[in-house]
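# what follows is a protein structure lacking sequence information:
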DNA sequence: TGTTACTTTATAATCCTTATAAACAGTGTA
DNA sequence: TACACTGTTTATAAGGATTATAAAGTAACA
């Protein structure tokens, strides 16, 4: 299981680097590191999280570099930017289609897979006349840990 | 039709003011004006939109007043805060349950009604163990106007 | 080798939102 | 009415996330 995950991560990173090549985006050490961190990360990091995480490896890296490259990755479809109510955006390496459940108490974000809401898109297209491209959905609630805390 | 809408607006404003009374929130001229603007607005305004719109009536009103009261309205459930990718939040007077379609070209926001996605909430609760409270969903695409522009 | 375009860095600037403190206004009580 | 109490607005400062800018660095390629 763990071995499988490691292998998947490598594959995902390799695919991402291939995408960079195909799109003509240079693979710099910083870009490599940011992508690697995102692929391995299960935590939906903010730009600052990434910046801090790579501080050790790249003592001179600028915050702007993180932001610039996250924008590049977003534009070529490698990364999704999540804008919730809180102050800063979170970034998510795109693998398969999934949604997020967010704990309103501790802000934990958990993935869950669900068949795409195509029928909602079709309905929206029908009533509004829009050409639909995609949608986003998040579900809010309390995670098991925080629910248990309430019992004390 | 128009007459009906005017009447509905009055009812909605009245209901909102009642809610303020019940919750023990004072009805100040500024709060009245902000609520009235939100009820009449079909445009999902930003805090700054509201500030500018009421500048004529309240030349001395502070931006902080707008933000403070939008927070109050949100906390008592009169208003919903929409956080999309763009820089500033938009605010939406809550009437009945509806979702939003957003034009990626001109940023227009159109409402559409759709039965709540309860089954998705239940599924998410089942697989993650969360106690679900609510969800959000937005659909993105191109509005008819912008689609037509492409044809030229 | 030299030129060109891209990238990173460092820093400043911008913009949205919140915090703070003083002035103001309503409400209730003696 | 006078007075204290609490909530509200105002004005301004501060905070924090993100973007813009210019200089320095680096890869690609003729």
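Perfect, thanks for sending it. Bear in mind the structure is a predicted one, so any value in this text is a computation, not a measurement.
# what's the domain layout of chain A?
For chain A, automatic domain parsing gives the domain ranges A:1-95, A:96-152.
# for those domains, give me CSV that also has distance to chain B, mean neighbour count and mean pLDDT.
(Each C-beta comes from the backbone N, C-alpha and C, glycine too.) Output for those, formatted as CSV (distance: least, C-beta to the nearest C-beta, whole Å; neighbours: other C-beta atoms under 10 Å in any protein chain shown; pLDDT from 0 to 100):
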stretch, distance to chain B, mean neighbour count, mean pLDDT
domain A:1-95, 5, 15, 89
domain A:96-152, 4, 16, 86
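# out of those domains, which is closest to residue B:81?
domain A:1-95 (6.3 Å; C-beta to C-beta).
# hang on, the earlier thing: could I get the domains of chain A as CSV with distance to residue B:143?
Below are these laid out as CSV (distance: least, C-beta to C-beta, whole Å):
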stretch, distance to residue B:143
domain A:1-95, 21
domain A:96-152, 6
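# residue A:60 is in what secondary structure piece?
Under the criterion DSSP states H and E, no helix or strand holds residue A:60.
# I'd like the distance from stretch A:22-35 to the chain centre, please.
Between the centre of stretch A:22-35 and the centre of its chain there are 17 Å (C-alpha atoms, centre = their mean, to the nearest Å).
# I misspoke; the intended subject was stretch A:50-70.
So, by C-alpha atoms, centre = their mean, the centroid of stretch A:50-70 is 17 Å from its chain's centroid.
# is it up against DNA strand D anywhere?
Yes. Under the criterion of C-beta under 7 Å from any atom of the strand, stretch A:50-70 makes contact with DNA strand D via A:63, A:64, A:67.
# just name the closest of those residues to DNA strand C, please.
Nearest to DNA strand C out of those is residue A:64 (C-beta to the nearest atom of the strand; 3.7 Å).
# quick check: the gap between that closest one and residue A:16.
Residue A:64 sits at a distance of 21 Å from residue A:16 (criterion: C-beta to C-beta, to the nearest Å).
# equivalent analysis for residue A:56, please.
Going from residue A:56 to residue A:16 by C-beta to C-beta gives 22 Å.
# what does chain A have sitting close to DNA strand D?
Residues of chain A lying close to DNA strand D (C-beta under 7 Å from any atom of the strand) are A:26, A:46, A:47, A:48, A:63, A:64, A:67, A:71, A:87, A:88, A:89.
# closest to residue B:78 out of the residues you listed?
residue A:87 (23.3 Å).
# and the closest one, that one's in a strand?
No. Counting by DSSP: H, G, I helix; E, B strand; the rest coil, residue A:87 is not part of a strand but coil.
# can I get the residues of stretch A:50-70 next to DNA strand D in TSV with distance to residue A:32?
Formatted as TSV, the residues of stretch A:50-70 next to DNA strand D follow (distance: C-beta to C-beta, whole Å):
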residue	distance to residue A:32
A:63	18
A:64	18
A:67	17
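# in helices, which of those fall?
Of those, the ones assigned to helices by DSSP state H are A:63, A:64, A:67.
# quick one: contacts for residue A:76?
A:19, A:20, A:23, A:25 (C-beta atoms under 8 Å, 6 or more residues apart in numbering or on different chains).
# again, only this time at 7 Å
With contacts defined as C-beta atoms under 7 Å, 6 or more residues apart in numbering or on different chains, residue A:76 is in contact with A:19, A:23, A:25.
# same deal with residue A:140?
A:102, A:104, B:133, B:134, B:135.
# alright, I will stop here.
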